[in-house]
Every structure is written in structure tokens, then in C-alpha cells.
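Asker: have a look at this prediction, sequence included:
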Amino acid sequence: MNWALTQAYQNNPQLHSQRASVRATDETVPQALSGYRPRVNLTANAGEQYLDAHTKTINNNRVPTYAQTSGNVGFQSYGGTVTQTLFNGFATSSRTRQAEQLVSAARETLRLTEQNVLLSAATAYMNLIRDAAILQLQRSNVEVLQEQLRQTRDRFNVGEVTRTDVAQSESRLAASRASMLTAESNYTTSRSNYRQVVGVEPGTLEPASPVDRLSPQSLNVGIREARERHPSVTTAMFNIDAAVFQVKIAESSLYPTLNVVGSAQQNYGSTAALANQQSFAASVAGQLTIPLYQGGTEYATIRQAKVTLSQRRTDLDTARDQSQQTLVQTWGQLEAAKAQIQATTTQVNAAEIALNGVREEARVGQRTTLDVLNAQQELVNARVSLVTAQRDRVVASYALLAASGRLAPNVLSLPVDLYDPKVHYHQVRDTWVGVRTPDGK
């Protein structure tokens, strides 16, 4: 089981996809931090144009003088602008904190995905063991019924039984073969599901043990952990924090904005006068923008953000109730599976004794062939029920571990290098430039 869970943790594409989603969410933090940094733009223009200018001047005697200049002129212009935001209503700080909360929510979603993948792998593992055991039981049942049919025909040939007994044996054998074919189909399906979840073809699977030692010791402890630690609950908590900062971001649109803008430009030639050879200009200025009214959009955005915040708080209540319901359900399933194993074990032992007794009684004529066939079928059904109960017992223990939020590779002590989403986060958080994608390792 541990090997299968390790392979699923390393190979499952759904898990790899969610890890990539977390890395993409990490990039929202440096995007928000960019609001603290200056913005630099460089411009360059070059060209040639034809100018034809007519001028009029008036001397002291009020006599106008006219002049005309024309010709081709080449011009070049090089400049740069640096803009630094000093105040924007705390929008940048709010965006940064919101991005950090969304990163934390994405990590919790990854933890939920890890739980689901590990639970699916454990379920696929046990389903394959169950279906393999049931297939073997059905094959053995076919062999037993074939022998039963042979004996019934021999007894019919010597006149000990009737044609009805032979027909009953033939009918039961045909039904057993149909059940065997169904079991083969189920086994093939389970192998396919195992390959999809775990990522490799199944080899020889060993019986797995429950993980009750890792589960909560009582129902009340499990409920408390589910309502506090389950990934769906913690994700909802971080979403609330992100919604709080979204309200602050929306409110920042009502605050003034203060920027410092520095610019410099060098010109060669002129697009306005042939006589200009070159010029240089530089400036530093402060820009203060005070919003007064923008059509009401900012007010609607604030109200929308507040309603979304209320929704996120309701989502947290829903997540807690859902987590509690799932834990109580899996707790009951685990207790029922334990009782079913005891009951089906007793059923198998009793069915074996009953079958042996019916066979002996049939030899002396106290039981019919149908009685033997029914006893054989009851034994097969009891063994199938026992195999199913054993599967349910193990799967329920993993499901309970997931419902309490404890199902994780480190808790299961899997021999695997744990994926740490914080590594990629710290690789990109303070990056100012670059398009290389860190590997997160």
C-alpha cells in the first residue's frame, strides 16, 4: 500500500496540475509588490520631414516684413520617464496582503488535492485486491460446480437422481460462469482505475492494514479537528481574509493618489523649426489626483466586495458543516465495517460447516442436489461478503483520516520527497526582473 501511495504522490497528473496552479498563484504576490516599485519608460523617435514656414514680423514703424523658410530636416528624440507612486490609498499594501492570502488558500487546496489523491489511490488499491479475490472465488466456485455436475450426472446414470437434479446443476454452473465473467470485468476495470490514479501498472499487491492508529481517538476529537484543520475549512478561512482585503482595495479608489514623475529628453533637429539644432529638457514633478466622482462605479465595487465578503463567511460555515458531516459519516462506516468483518467471518465459518453437513447428508439421501447447490452458493456469497467487508474496513480507515484532515504523506510516513510549495514562493516573491520559471525545488 505504501508503495502505491508513493507512486500516486509522485505520478498523479491531477496532483501535478494543482502544484502548477499553486506556483501560478505565487506570481500574484510579486505582481502586487510591483506597485511599490518605480516604472521606467524609454522612448526614441527618428525621422525626416519637409518644412515650409511663412513668418510675419512688424518693426517699430509698424511695417510688416514677410519671410519664408523651407527645406528638409532630420530629427531624433531620446527620452525617459520614471514614475514612483508615493500614495494610492493603501491599494498596493492591500493587494499584496490579498495575494498572500490567496497563496495560502491555494496551498490548502493543494493539501486537499493530496488527500483526495491518496484516498483514491488507497481505494483503487483495495478495490483491486477485492476484485482479484472475488474473481478467484468465482473461478473456484465454477470448478466446484463442474465437479458437482459430473457427480450428479454419474448418479443420474445409475438412477440415484433424476433429470431435474442434473438440470439444476447445469443451471447453477451457468450462473456461476456468468458471475465469473462479471468478476473478470470488474477486475479489469479496477486495474484500469489503479493505473489512472497510481500512474503505474499494478504488480503483486499485498494485503493492506487499516490506519486506525493515526485516526482521531474519539468522535468528538475528530469533529473538532475536521471543523478546524480540514483543508476545505482552512481554504475558506483564507478566502475570507482575501475578501476583506478586496474591500480595502475597492475603498482605495476613493483616496487621492500621489506620484512623483521625473523625465528627461534630448532632441536633435526639430519638427517645428529648421533653425533648431538640438535641445535638452528635464523635469521632476509631483502629481496629485483627487477623485471626486467617477460615475458611481467605485461605490458599486465597494458594495459588491462587501457582499462577496459576506458570502465567503457563509462558505466557511458550509465547509465546517460539510466536514463535520463527512467525518461523522466515515466514523459510522468504519464502525460498521468492523462489525461486518466479525459477522461475515462467523457467516463463512457457519456456511463451511453447513456445506460439509449437507454434502454428507446428500450422500445418504437425506438432502437433495438443490440443497447442496444452495449451500455452496451461500458459502461463496459469505466469502464475497467477507472480502468486501475487509476492503471496506481499510478504505474507511483512510477515509476517516482524510475527513479529519490528517491524510498526508508525512503522517503516513511514505518514503517520498515531500513537495514544499514555499520553495517556489520564496524563489519568485522578491524577483524584480526575469522570465525564467523556477522549478520550485
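Answerer: Everything's here; your move. Just so we're clear, the structure is a prediction, and the values are computed from it rather than from any experiment.

Asker: you'd agree residue 89 is up against residue 256?
Answerer: Yes: using C-beta atoms under 8 Å, residue 89 makes contact with residue 256 at a distance of 7.3 Å. Where C-beta positions appear, they are placed from N, C-alpha and C, glycine not excepted.

Asker: those two: which has the busier surroundings?
Answerer: Set residue 89 next to residue 256 and count neighbours by other C-beta atoms under 10 Å: residue 89 wins out with 18 against 11.

Asker: distance of the residue nearest to the more buried one when sequence neighbours are not counted from residue 419?
Answerer: Leaving aside its sequence neighbours, residue 89 sits nearest to residue 255 (C-beta to C-beta, 6 or more residues apart in numbering; 2.7 Å). Applying C-beta to C-beta, to the nearest Å, the value for residue 255 to residue 419 is 41 Å.

Asker: okay, the two: which has more neighbours?
Answerer: Between residue 255 and residue 419, counting by other C-beta under 10 Å, residue 419 is the more crowded of the two (18 against 15).

Asker: any idea which helix or strand carries the closest residue to the more buried one other than its chain neighbours?
Answerer: Nearest in space to residue 419, with sequence neighbours left out and distances taken as C-beta to C-beta, 6+ apart, is residue 19 at 6.2 Å. Residue 19 is part of helix 13-26 when elements are defined by DSSP states H and E.

Asker: and the contacts of stretch 408-419?
Answerer: 2, 5-6, 9-10, 19, 111, 114-115, 118, 211, 214, 401, 440 (C-beta atoms under 8 Å, 6 or more residues apart in numbering).

Asker: run the chain-centre distance for the helix or strand residue 302 falls within.
Answerer: Residue 302 is part of helix 297-363 when elements are defined by DSSP H and E. Centre-to-centre, helix 297-363 and its host chain are 21 Å apart (C-alpha atoms, centre = their mean, to the nearest Å).

Asker: which helices and strands does it pack with?
Answerer: helix 219-229, helix 231-251, helix 369-403 (3 or more C-beta pairs under 8 Å, 6 or more residues apart in numbering; DSSP states H and E).

Asker: now the shortest one and helix 231-251, what's the angle there?
Answerer: Looking back up the chat, that one is helix 219-229. Orientation check (axes from the mean of the first three to the mean of the last three C-alpha atoms, to 10 degrees): helix 219-229 against helix 231-251 gives 30 degrees.

Asker: quick check: buried residues in helix 219-229?
Answerer: Residues 222, 223, 225, 226, 227 are the ones in helix 219-229 that count as buried (16 or more other C-beta atoms under 10 Å).

Asker: name the residues that touch that helix?
Answerer: Residues contacting helix 219-229 (C-beta under 8 Å, 6+ apart): 215-216, 233, 320, 323-324, 326-328, 331, 400, 403-406.

Asker: and those residues, which two are furthest apart?
Answerer: 215 and 320 (19.5 Å; C-beta to C-beta).

Asker: more crowded one of those two?
Answerer: The residue with more neighbours, out of residue 215 and residue 320, is residue 215; 24 against 19, by other C-beta under 10 Å.

Asker: the strand ranked longest in the chain: partners in the sheet, and parallel or antiparallel?
Answerer: Looking across the chain with DSSP state E, the single longest strand is strand 64-87. Applying DSSP bridges, strand 64-87 is found paired with strand 39-58 (antiparallel), strand 257-268 (antiparallel).

Asker: and the first one, average pLDDT?
Answerer: Taken as a whole, strand 39-58 carries a mean pLDDT of 82.

Asker: what are the C-alpha coordinates of that strand, in PDB please?
Answerer: Taking Å, rounded to 0.1, in the frame of the first residue of the first chain, the C-alpha atoms of strand 39-58 are listed here in PDB:
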ATOM      1  CA  ARG A  39       8.000  52.400 -13.500                       C
ATOM      2  CA  VAL A  40      10.600  53.400 -16.100                       C
ATOM      3  CA  ASN A  41       9.900  54.000 -19.800                       C
ATOM      4  CA  LEU A  42      12.400  54.900 -22.600                       C
ATOM      5  CA  THR A  43      11.300  56.500 -25.900                       C
ATOM      6  CA  ALA A  44      13.100  57.100 -29.100                       C
ATOM      7  CA  ASN A  45      11.900  58.800 -32.300                       C
ATOM      8  CA  ALA A  46      13.800  59.400 -35.600                       C
ATOM      9  CA  GLY A  47      12.700  60.600 -39.000                       C
ATOM     10  CA  GLU A  48      12.900  63.200 -41.600                       C
ATOM     11  CA  GLN A  49      10.200  65.700 -42.700                       C
ATOM     12  CA  TYR A  50       9.800  68.700 -45.100                       C
ATOM     13  CA  LEU A  51       9.000  72.100 -43.500                       C
ATOM     14  CA  ASP A  52       7.600  75.200 -45.300                       C
ATOM     15  CA  ALA A  53       7.200  78.100 -42.900                       C
ATOM     16  CA  HIS A  54       5.900  81.600 -43.600                       C
ATOM     17  CA  THR A  55       6.600  84.300 -40.900                       C
ATOM     18  CA  LYS A  56       5.400  87.800 -40.500                       C
ATOM     19  CA  THR A  57       7.200  90.400 -38.300                       C
ATOM     20  CA  ILE A  58       6.400  94.100 -37.700                       C
END
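
Asker: how far off centre is it?
Answerer: The answer for strand 39-58 is 58 Å, by C-alpha atoms, centre = their mean.

Asker: distance of the residue nearest the centre of the chain from residue 311?
Answerer: Nearest to the mean C-alpha position of the chain, by C-alpha atoms, centre = their mean, lies residue 113 at 4.1 Å. Using C-beta to C-beta, residue 113 is found at 23 Å from residue 311.

Asker: cool, residue 72 as well?
Answerer: Residue 72 is 66 Å from residue 311, by C-beta to C-beta.

Asker: of the two, give the one with the bigger neighbour count.
Answerer: Per other C-beta under 10 Å, whichever of residue 72 and residue 311 has more neighbours is residue 311, with 12 against 9.

Asker: what's the spacing between the more buried one and residue 25?
Answerer: The value you get for residue 311 to residue 25, if C-beta to C-beta is used, is 20 Å.
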